[in-house]
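Visitor: pasted the sequence and its predicted model underneath.
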Amino acid sequence: MNVLYGPIESDSMPPQLGPYSHAVRAGNLIFTAGQAGLDPATNAPKGEAFDAQARQAFDNLSAVLQAAGSGLQYVVKTTIFMADASNFAALNQLFKEYFPTKPPARSVPIVQLPRGLLISIEAVAVLPDAE
């Protein structure tokens, strides 16, 4: 079996908060690290509101998936870490917006996130030719 492996990096992403890759390719799968609501230009949270940070997190996820040769439409599983369960309804609306057809499987643990972050999204996606 010929399995391709390698880290995926993107200049359009904020710097990582630790020693890890934005994403890793293993065969025809892309595994992303948690993509937070950090503004790539400032490396700071995209405002204090959940909606602004969540939209930025989805946009960051999209950017790293594109850098890997995939995209949101190829996501099969997400784990969305949220700091406050009261934002669950807002998350559902955004999930419908960013995944309008064939929504991926999803888990949503409520956790404490660093730096005042309200959301972090990790995903598993396939490459388009592996569909």
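Guide: That came through fine. Numbering: from 1, shown residues only.
Visitor: so, low pLDDT: which residues of this structure?
Guide: Scanning the chain for pLDDT under 70 picks out 1-6, 10, 17, 130-131.
Visitor: would you tell me which helix is longest in it?
Guide: helix 50-67 (DSSP state H).
Visitor: against which helices or strands is it packed?
Guide: Contact partners of helix 50-67 among helices and strands, from 3 or more CB pairs under 8 Å, 6 or more residues apart in numbering; DSSP states H and E: strand 23-26, strand 29-32, strand 35-36, helix 88-98, strand 119-126. Just so you know, the C-beta spots here come from the backbone N, C-alpha and C atoms, and that holds for glycine as well.
Visitor: partner strands of the first one, with direction?
Guide: Strands adjacent to strand 23-26 in the sheet, as given by DSSP bridges, are strand 5-8 (antiparallel), strand 29-32 (antiparallel).
Visitor: in that strand, what's buried?
Guide: Buried residues in strand 23-26, counting neighbours by 16 or more other CB atoms under 10 Å, are found at A23, V24, R25.
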